[in-house]
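Peer 1: Fold the following for me, if possible:
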Amino acid sequence: MFTDYPTLRAWAEEEYRRKHATDTPRIVLGLGTCGLAAGGGEVLAAVQNELGATESGVEIASVGCIGACFREPLMDIEKPGWPRISYGEVDSKRAQLLIQESLFGDDYHPDWAVAVIG
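Peer 2: Numbers count the residues shown, from 1 in each chain. This next block holds a predicted model:
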């Protein structure tokens, strides 16, 4: 696909800009084997239920292993203009609280955060 590094880098930078230049909030759920085994399916159902009730326009992205299997289920929240925040050991109740208080509010629950990306 790419024959040289400058072309690959230009493509990667454009993809990054395209992905991050959106006004759409996004929730990323780690649903690899480890995430599913730790209860990620129930977290996904809770997220869909909570966001379906509000008709929010929030994108839900299910991805494979995020890499921190010992902290699964992982749920990341991306809000326009803010860094991506990764939360660990998320259950259905915590997912609902994070949506209400972090995604739609300003309480970022640093005590639940595993990482800040960006």
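
Peer 1: Residue 56 - that's part of a strand, no?
Peer 2: No. Read with DSSP: H, G, I helix; E, B strand; the rest coil, residue 56 is coil and lies in no strand.

Peer 1: Against which helices or strands is the least confident helix or strand in the chain by mean pLDDT packed?
Peer 2: Every helix and strand of the chain was ranked by mean pLDDT, DSSP states H and E. The lowest is helix 5-20, at a mean of 86. Using 3 or more C-beta pairs under 8 Å, 6 or more residues apart in numbering; DSSP states H and E as the contact test, no helix or strand touches helix 5-20. In short, each C-beta sits where N, CA and C put it, glycine included.

Peer 1: Direction included, what does the helix or strand following that helix pair up with?
Peer 2: On the C-terminal side of helix 5-20, the closest following helix or strand by DSSP states H and E is strand 26-30. Applying DSSP bridges to the sheet, strand 26-30 is found paired with strand 59-63 (parallel), strand 75-78 (antiparallel).

Peer 1: isn't residue 114 right up against residue 88?
Peer 2: Yes. The criterion here is C-beta atoms under 8 Å, and residue 114 meets it with residue 88 at 4.1 Å.

Peer 1: Show me the common contact partners of these two, please.
Peer 2: In terms of C-beta atoms under 8 Å, 6 or more residues apart in numbering, residue 114 and residue 88 are both contacted by the residues 68, 71, 74.
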